[in-house]
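Novice: pasting the structure only:
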(Lines give C-alpha, C1' and ligand atoms only; values in the text may rest on other atoms or scores of the structure.)
Protein backbone atom coordinates (compact mmCIF):
# COMPACT_ATOMS: atom_id res chain seq x y z
CA UNK A 1 0.00 0.00 0.00
CA UNK A 2 2.78 2.40 0.95
CA UNK A 3 4.57 1.47 -2.29
CA UNK A 4 1.50 2.41 -4.36
CA UNK A 5 1.18 5.78 -2.59
CA UNK A 6 4.84 6.56 -3.26
CA UNK A 7 4.43 5.59 -6.92
CA UNK A 8 1.33 7.82 -7.26
CA UNK A 9 3.15 10.76 -5.63
CA UNK A 10 6.08 10.33 -7.98
CA UNK A 11 3.77 10.21 -11.01
CA UNK A 12 1.88 13.31 -9.87
CA UNK A 13 5.17 15.12 -9.30
CA UNK A 14 6.39 14.17 -12.77
CA UNK A 15 3.10 15.31 -14.38
CA UNK A 16 3.26 18.64 -12.51
CA UNK A 17 6.88 19.14 -13.59
CA UNK A 18 6.01 18.43 -17.24
CA UNK A 19 3.09 20.90 -17.09
CA UNK A 20 5.36 23.66 -15.72
CA UNK A 21 8.04 22.99 -18.35
CA UNK A 22 5.44 23.01 -21.11
CA UNK A 23 4.12 26.40 -19.92
CA UNK A 24 7.55 28.05 -19.99
CA UNK A 25 8.37 26.51 -23.34
CA UNK A 26 5.21 27.97 -24.91
CA UNK A 27 5.83 31.36 -23.31
CA UNK A 28 9.32 31.67 -24.85
CA UNK A 29 8.08 30.79 -28.32
CA UNK A 30 5.09 33.12 -28.11
CA UNK A 31 5.29 36.29 -30.21
CA UNK A 32 4.20 38.25 -27.15
CA UNK A 33 6.94 36.89 -24.91
CA UNK A 34 9.33 39.74 -25.70
CA UNK A 35 8.77 42.91 -27.69
CA UNK A 36 12.15 44.41 -28.56
CA UNK A 37 12.78 48.08 -27.88
CA UNK A 38 13.34 50.28 -30.91
CA UNK A 39 17.06 50.37 -30.15
CA UNK A 40 17.21 46.59 -30.44
CA UNK A 41 15.91 46.55 -33.98
CA UNK A 42 17.81 47.68 -37.01
CA UNK A 43 16.78 51.15 -38.16
CA UNK A 44 15.45 51.36 -41.71
CA UNK A 45 18.01 52.81 -44.10
CA UNK A 46 16.82 55.69 -46.24
CA UNK A 47 18.37 55.35 -49.68
CA UNK A 48 18.22 58.42 -51.85
CA UNK A 49 17.67 57.75 -55.50
CA UNK A 50 20.72 58.49 -57.57
CA UNK A 51 21.07 58.42 -61.33
CA UNK A 52 23.23 55.64 -62.73
CA UNK A 53 26.78 56.76 -63.37
CA UNK A 54 27.55 57.15 -67.02
CA UNK A 55 30.69 55.37 -68.16
CA UNK A 56 33.00 56.73 -70.79
CA UNK A 57 35.35 54.99 -73.16
CA UNK A 58 37.83 57.87 -73.23
CA UNK A 59 41.27 56.85 -71.96
CA UNK A 60 42.94 60.28 -72.07
CA UNK A 61 43.35 62.23 -68.85
CA UNK A 62 43.70 66.01 -68.73
CA UNK A 63 44.89 68.15 -65.82
CA UNK A 64 42.42 70.67 -64.46
CA UNK A 65 44.07 74.09 -64.19
CA UNK A 66 41.24 75.83 -62.37
CA UNK A 67 37.48 76.12 -62.03
CA UNK A 68 36.07 79.29 -63.61
CA UNK A 69 32.52 78.89 -62.31
CA UNK A 70 29.93 76.16 -61.82
CA UNK A 71 29.85 75.04 -65.45
CA UNK A 72 33.20 76.10 -66.92
CA UNK A 73 36.76 74.91 -66.25
CA UNK A 74 40.21 75.38 -67.72
CA UNK A 75 42.08 72.23 -68.71
CA UNK A 76 45.46 71.51 -70.25
CA UNK A 77 44.91 69.72 -73.58
CA UNK A 78 48.01 68.68 -75.54
CA UNK A 79 50.09 71.29 -73.75
CA UNK A 80 47.57 74.05 -74.45
CA UNK A 81 45.22 75.74 -71.97
CA UNK A 82 41.61 75.25 -73.07
CA UNK A 83 38.35 76.59 -71.66
CA UNK A 84 35.80 73.78 -71.35
CA UNK A 85 32.05 74.32 -71.02
CA UNK A 86 30.39 71.28 -69.46
CA UNK A 87 27.67 70.00 -71.79
CA UNK A 88 24.10 69.81 -70.54
CA UNK A 89 24.31 72.05 -67.48
CA UNK A 90 23.89 75.72 -66.62
CA UNK A 91 25.17 76.93 -63.26
CA UNK A 92 24.21 80.23 -61.58
CA UNK A 93 26.45 83.16 -62.51
CA UNK A 94 29.30 84.02 -60.17
CA UNK A 95 31.99 85.67 -62.32
CA UNK A 96 30.16 87.13 -65.34
CA UNK A 97 31.15 90.78 -65.88
CA UNK A 98 28.45 93.39 -65.29
CA UNK A 99 26.14 90.75 -63.83
CA UNK A 100 25.18 90.20 -60.19
CA UNK A 101 26.16 86.99 -58.46
CA UNK A 102 23.15 84.70 -58.68
CA UNK A 103 21.77 82.60 -55.84
CA UNK A 104 24.08 79.62 -55.20
CA UNK A 105 26.62 81.01 -57.67
CA UNK A 106 29.52 80.93 -55.23
CA UNK A 107 28.39 77.62 -53.73
CA UNK A 108 28.16 76.05 -57.18
CA UNK A 109 31.68 77.15 -58.07
CA UNK A 110 32.99 75.94 -54.70
CA UNK A 111 31.39 72.52 -55.11
CA UNK A 112 32.84 72.07 -58.58
CA UNK A 113 36.23 73.10 -57.21
CA UNK A 114 35.94 70.46 -54.48
CA UNK A 115 35.33 67.84 -57.18
CA UNK A 116 38.08 68.89 -59.58
CA UNK A 117 40.84 70.67 -57.67
CA UNK A 118 44.23 69.04 -58.41
CA UNK A 119 42.46 66.32 -60.38
CA UNK A 120 42.74 64.84 -63.84
CA UNK A 121 39.61 64.39 -65.88
CA UNK A 122 38.34 62.64 -68.97
CA UNK A 123 36.72 64.79 -71.66
CA UNK A 124 34.10 63.26 -73.92
CA UNK A 125 32.79 64.97 -77.02
CA UNK A 126 29.12 64.63 -77.87
CA UNK A 127 28.89 63.96 -81.59
CA UNK A 128 25.30 65.24 -81.61
CA UNK A 129 26.50 68.73 -80.59
CA UNK A 130 28.95 71.28 -81.97
CA UNK A 131 32.61 71.14 -80.98
CA UNK A 132 32.75 74.66 -79.49
CA UNK A 133 30.26 77.27 -78.32
CA UNK A 134 30.04 80.87 -79.53
CA UNK A 135 32.72 81.90 -77.03
CA UNK A 136 35.21 79.39 -78.39
CA UNK A 137 34.97 77.06 -75.41
CA UNK A 138 35.19 73.30 -75.95
CA UNK A 139 31.85 71.62 -75.32
CA UNK A 140 32.55 68.39 -73.44
CA UNK A 141 31.16 65.99 -70.90
CA UNK A 142 33.59 65.86 -67.98
CA UNK A 143 34.32 62.66 -66.06
CA UNK A 144 36.56 61.95 -63.09
CA UNK A 145 39.11 59.15 -63.36
CA UNK A 146 36.61 56.70 -61.82
CA UNK A 147 34.02 57.62 -64.50
CA UNK A 148 31.86 59.78 -62.23
CA UNK A 149 29.98 62.24 -64.44
CA UNK A 150 30.73 65.73 -63.12
CA UNK A 151 27.79 67.41 -64.85
CA UNK A 152 25.41 64.83 -63.43
CA UNK A 153 26.78 65.48 -59.94
CA UNK A 154 26.27 69.23 -60.31
CA UNK A 155 22.63 68.79 -61.31
CA UNK A 156 21.85 66.12 -58.72
CA UNK A 157 23.19 68.27 -55.88
CA UNK A 158 21.23 71.31 -57.06
CA UNK A 159 24.27 73.36 -58.09
CA UNK A 160 23.27 73.55 -61.76
CA UNK A 161 20.21 73.07 -63.89
CA UNK A 162 19.84 70.97 -66.99
CA UNK A 163 20.30 72.99 -70.19
CA UNK A 164 19.53 72.19 -73.81
CA UNK A 165 21.73 74.32 -76.07
CA UNK A 166 20.11 73.50 -79.40
CA UNK A 167 16.93 71.86 -80.61
CA UNK A 168 18.79 68.55 -80.79
CA UNK A 169 18.99 66.68 -77.45
CA UNK A 170 22.48 65.91 -76.22
CA UNK A 171 23.62 62.35 -75.52
CA UNK A 172 22.88 62.00 -71.78
CA UNK A 173 19.86 64.29 -71.44
CA UNK A 174 17.53 61.62 -70.02
CA UNK A 175 19.84 60.99 -67.06
CA UNK A 176 20.35 64.71 -66.50
CA UNK A 177 16.60 65.37 -66.42
CA UNK A 178 16.15 62.55 -63.89
CA UNK A 179 18.85 64.09 -61.71
CA UNK A 180 17.20 67.50 -61.94
CA UNK A 181 13.82 66.06 -60.94
CA UNK A 182 15.45 64.55 -57.85
CA UNK A 183 17.10 67.87 -56.90
CA UNK A 184 13.81 69.71 -57.35
CA UNK A 185 11.90 67.22 -55.22
CA UNK A 186 14.52 67.48 -52.47
CA UNK A 187 14.67 71.31 -52.84
CA UNK A 188 18.44 71.26 -53.12
CA UNK A 189 20.64 74.24 -54.01
CA UNK A 190 19.06 76.42 -56.68
CA UNK A 191 15.72 74.70 -56.04
CA UNK A 192 15.70 75.62 -52.34
CA UNK A 193 13.21 78.12 -50.90
CA UNK A 194 16.08 80.55 -50.44
CA UNK A 195 16.79 80.73 -54.18
CA UNK A 196 13.17 80.59 -55.30
CA UNK A 197 12.34 83.63 -53.15
CA UNK A 198 15.46 85.46 -54.35
CA UNK A 199 14.67 84.99 -58.03
CA UNK A 200 11.01 86.03 -57.79
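Specialist: That came through fine. Since the model is a prediction, treat every value here as computed from it, not as a measurement. Numbers count the residues shown, from 1 in each chain.
Novice: could you use CA atoms for every contact and neighbour count after this?
Specialist: Fine.
Novice: just say helix, strand or coil for residue 64.
Specialist: strand (DSSP: H, G, I helix; E, B strand; the rest coil).
Novice: and for residue 101?
Specialist: coil.
Novice: so who does it touch?
Specialist: Residue 101 makes contacts with 92, 93, 94, 95, as judged by CA atoms under 8 Å, 6 or more residues apart in numbering.
Novice: give me the pLDDT value at it.
Specialist: At residue 101, the model reports a pLDDT of 85.
Novice: over to residue 67?
Specialist: 97.
Novice: wait, it sits on residue 74?
Specialist: Yes: counting by CA atoms under 8 Å, residue 67 touches residue 74, with 6.4 Å between them.
Novice: between those two, who's got more neighbours?
Specialist: Between residue 67 and residue 74, counting by other CA atoms under 10 Å, residue 67 is the more crowded of the two (22 against 18).
Novice: ok so the more buried one is a strand residue?
Specialist: Yes: assignment of residue 67 by three-state DSSP places it within a strand.
Novice: farthest-separated two in the contacts of residue 101?
Specialist: Comparing every pair within those by CA to CA identifies 92 and 95 as the most remote, at 9.5 Å.
Novice: settle it for me: which of these two has more neighbours?
Specialist: For residue 92 versus residue 95, neighbours defined as other CA under 10 Å are more numerous around residue 92 (22 against 16).
Novice: now the more buried one: closest residue in space, sequence neighbours ignored.
Specialist: In space, residue 92 comes closest to residue 105 once its chain neighbours are excluded; the distance is 4.7 Å by CA to CA, 6 or more residues apart in numbering.
Novice: now the common contact residues for residue 67 and residue 74.
Specialist: With CA under 8 Å, 6+ apart, residue 67 and residue 74 have no common neighbours.
Novice: which of the contacts of residue 101 lies closest to residue 170?
Specialist: Nearest to residue 170 among those, counting by CA to CA, is residue 92 at 20.5 Å.
Novice: would you agree that closest one is in contact with residue 99?
Specialist: No: at 10.9 Å, residue 92 and residue 99 do not qualify as touching, with contact defined as CA under 8 Å.
Novice: and for residue 73, nearest residue in space, chain neighbours not counted?
Specialist: residue 67 (4.4 Å).
Novice: repeat that for residue 109.
Specialist: residue 70 (4.3 Å).
Novice: state the number of residues packed around residue 133.
Specialist: Residues within reach of residue 133, counting by other CA under 10 Å, total 13.
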